[in-house]
Structure formats: structure tokens, C-alpha cells
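Undergrad: okay, here's the prediction I keep looking at, along with the sequence it came from:
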Amino acid sequence: MENSEASVSSTATRTWHDFLERMRQPSATEFVKQIKNFIVSLSNNAPDPDRDAASVQEFFSNMEASFRAHPLWAGRTEEELDSTGEGLEKYIMTKLFTRVFATHPDDIKTDNEFNRKSALIQQFIHPDHLEIQPIYRNETSWLQAQEELLKINTYKSPRDKLACILSCCKVISNSMFNASVSSNENPPGADDFFPVLIYVTIKANPPQFHSNLMYIQRYRNKSRLVGEAAYVFTNMLSAESFILNIDAKALSMNETEFVKNMESAQIVVSGLSGDYNGEHMQSQSSQSQSVSESKLKEVPSVSDLENKGASMLVMDEEVSEKFENFRYLYSKAGDLTVGEVEDLLNGYKQLVFKYACLAKGMGVPVVQPDAPGIQTSGEARDDGKKEGLCVAEPPPETVIGGEMVDAPENDVQVEAVRVEGDWNDGAGASTHESPVTGEVASETEENVEK
């Protein structure tokens, strides 16, 4: 299996470099001009998601048809042509990211509504509310699934963002399947999987989640959003809809209990203190709810500030500079000396103290992670499984034409997702994208800019 994956990755690397080299050839000048003109043309128009999506999809289709008919790609295999199309999509959408991502007021409004509602629901939701069977409850695996989903904002290409969703679902489905085997139960089905996906998504509460889903739906090449990828993505769209419309019935609660829990959650999240008595909480009141929502807007929670900061970082073209002063951010355990471990421990204590002071000052709880350990995403146990709450490592970046762009590396590797006990083909579920040096990428960009 490892040799097979290494072979796929090696092939992807060769074909991506082959694409860049061919685009530098004199006979590819027309392709370069078309790519440049398309990016400039779309960037100069006012944002219109439907029109922009149609234009991008049409451009992908026309360019790939042109590649197939051009002598530069004569005799190429389907795999190599597919890799060329993936490279084109990643390049185009990286360049257009700030122009098309989260630019429509309706998307931004839904983002805020999703984050607000998830922040409230996650304060009191329990697996029982979604009727998740006890044998499938695994908080450690759920934390890992949340971490995979939260990586979605560290990438800019639709394929990489989709891969984060696929990876999240893979963690869930593998955990459920292993639980069914250990309990001698039938393999889990879609009705078992979906409630867990909802629970994990609420707990993760990714910033700009709706905008990410719309970005994938609009700009992932339609010819590749098929099979396993399409199935999992449809499930995530359904999970988002469920959360946005969640009510007492959806959580198997009576209306009074639901209102009380929502009122209590609003107090916790907004940092309010003692203004609500039990009788006030139980009143059905759109009025009291609107008052709480108003105060929620006035007093942002720690979660709100984190979401706001994450949203600002992902849109910041100089995001890598924000992490330059954190010397251990990209270190691994084996790289550290005894003295550096002591420095890290002191830094950790200072960080905890600052966090506790911030939370106390805002009137919100100081939450301690339940995970048994914290490790960077690159560190795994010998058996290949991660445990504990992982910290997503920012993706490597490449300088292209003076801009910081996600390097098309093996950003996310996702195998098939097990649902109902069978291994699917995982179409679209892996992103074995090849590393590209800044030198080669810059040369390509230089050709585009000429």
C-alpha cells in the first residue's frame, strides 16, 4: 500500500513539473496569455458568485480540451492529463482566492449565523441529543476529526479544502467501523454516520464554514466532484443545513428545555453574569432572546475573537510573517534540546496565564482540553494514528511573482472513506500534489506576467 501511494505521489510530482515546463515552452504562449487574461478579466468585474462560478467552470473545461488537442500533451495518459487539470485549477483559484472567497453578503451573513448558532449549541449538546449509539462514541477520534475539519481555512484551492472534509469523514467512519468490529455489530450505515458528522461539525465550528462550502461547490472542477467526494460533500452540506435549522425537535428535546439551554448558552458565550433568573430563562421569549443576541454582539466571546482572527489571517497575503517570531512553531520533538524544552515550558505557563486572564476579563469559562496530549499535525504514533488534540501546521508556501501562495505539496492525503463497511474507490479523496520549488513556480509566473 505504501509503495502504491509513493508511486502515485511520484507520478503527480513528475506531471506537475511537466505541466510547468510545458507552459514555459514557446508553443504554450497562447495558453499563458489565456490564463493571464482570464484572471485579469474576472478580477476586474464586480463579484457575482453565480456568474463567476460559471465563468471559471467554462474556462476549466475549455482549457482542458485545448490541452488534450495540443502537441505539448500528445500521448499523455489520462492520469497525467488529470494532473494537468488539477494544477490549472489550483493555480487559477489561488490567484483568484481573495476575489471570490467570502465576498457575497449572503455568504458572510450565513457564516455568522452558523458560527453563532454552533457556539450556542456546543455549550450543551450531548450525543444523546442526536441519538448517537454508545458504541460509536469516541471523543478522542472526534477531536481528531474536528482538527482535520479546522484545517480547511489553511488552504486556498477547492481541492485541498474538500480534502479536509474528506479527511474528517474518514476519521469518523474508521472509528465507527472499528467500534462495530470490536462489538461484533453490523457495519455502520449512513444513518449512524450522519449524526456523528453533525456533532463533530458543531464542536469544531470552523470559521467561514458556509463560505468554504460554497467555494468548493462553485469552483471545484465539476468533472472531478464525483463519486466518493461528491457523496461526502453532499453529507456535509446536509449537516450544515441541519445545524442552521436546528431546533428542539431536532435535538429530541422539549421546547421549554431547549429555550432554557439556549438562554444559558447565550449567557456563557456572551460573558453575561447574573442578569437572568430561572424564571426568565424558561420564558418563551423572542424578546429575551433578542436581548441576549444584542448583548452577544456587544461582548464578543473568546471563540468569536478566535474566529475573527482566523478569518483575517486566511485573507492576509503576508500571513507567514505573523509566525516568524515563534521559533518553535515548526519544530518537532526530536529537534529540541533540554534547554529548549525548559523554554517551551515557561512559554506555555505564560500562555496559560494570559489566556486565563483574558477569559476571566471577558467573563467566560477557562476551558482545559480533555485530550490526553497535544501534538503537531506532523507527529503521529508509530501505528500511523494520531491521538489527542492536534495543532494544524500552516501549509508550506511558495513565492510566485512576489505573492505568497500555497505550495502544491502533498497538502492533505485522504484515502477512501468507509461507509456501511465497504471501502470505496476514494475518487477525488486524495490530494497527492507534488512539491514545486519557488524557482520553477516563479519562472512560470514570470512567463504569465510577460
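TA: That came in fine, so what should we check first? Quantities reported herein were computed from a predicted structural model and do not represent experimental measurements.

Undergrad: pLDDT averaged over stretch 344-362 - what is it?
TA: In this model, stretch 344-362 carries a mean pLDDT of 70.

Undergrad: begin at 38, not 1, for the rest of this chat.
TA: I'll keep to 38 as the first residue from here, and by that count the last item is stretch 381-399.

Undergrad: low-confidence stretches in this protein?
TA: 38-56, 309-345, 347-367, 376, 383, 387, 390-391, 394, 396-487 (pLDDT under 70).

Undergrad: make it 90
TA: Residue ranges of the chain with pLDDT under 90: 38-66, 68-69, 104, 107-124, 127-128, 304-487.

Undergrad: quick one, strands of it?
TA: 411-413, 426-428, 434-437, 440-443, 455-456, 459-460 (DSSP state E).

Undergrad: and the closest residue to Gln245 other than its chain neighbours, how close does it get to Val77?
TA: Distances taken as CB to CB, 6 or more residues apart in numbering place Asp148 nearest to Gln245, at 5.0 Å, with adjacent residues excluded. From N, CA and C alone the C-beta is placed, and that goes for glycine too. With distances taken as CB to CB, to the nearest Å, Asp148 is found 28 Å from Val77.

Undergrad: ok, these two, which is more surrounded?
TA: Set Asp148 next to Val77 and count neighbours by other CB atoms under 10 Å: Asp148 wins out with 22 against 10.

Undergrad: that one: what's it in contact with?
TA: Asp148 makes contact with Ala139, Pro244, Gln245, Phe246, His247, Ser248, according to CB atoms under 8 Å, 6 or more residues apart in numbering.

Undergrad: ok, so what distance separates the nearest residue to Asp284 once chain neighbours are set aside from Lys286?
TA: The shortest distance from Asp284 to any non-neighbouring residue, by CB to CB, 6+ apart, is to Phe295 (6.9 Å). Going from Phe295 to Lys286 by CB to CB gives 9 Å.

Undergrad: I figured Leu288 hits Val296, correct?
TA: No - using CB atoms under 8 Å, Leu288 makes no contact with Val296, being 11.9 Å away.

Undergrad: who touches both of these two?
TA: Here Leu288 and Val296 have no joint contacts, going by CB under 8 Å, 6+ apart.

Undergrad: which residues of the stretch 238-387 of the chain fall in helices?
TA: 246-256, 264-281, 292-307, 315-319, 323-335, 339-352, 375-399 (DSSP state H, counting those that start in this stretch).

Undergrad: buried residues in the third one?
TA: By 16 or more other CB atoms under 10 Å, the buried positions in helix 292-307 come out as 295-307.

Undergrad: kindly reformat these as CSV containing distance to Ser275.
TA: Below are these laid out as CSV (distance: CB to CB, whole Å):
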residue, distance to Ser275
Phe295, 21
Val296, 26
Lys297, 28
Asn298, 24
Met299, 23
Glu300, 28
Ser301, 28
Ala302, 24
Gln303, 26
Ile304, 31
Val305, 28
Val306, 26
Ser307, 30
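
Undergrad: which two in these are spaced the farthest apart?
TA: The distance between the two most remote of the buried residues of helix 292-307 (CB to CB) is 18.2 Å, for Phe295 and Ser307.

Undergrad: can you tell me which residues contact the residue nearest to Asp284?
TA: Counting by CB under 8 Å, 6+ apart, Phe295 has contacts Asp284, Ala285, Leu288.
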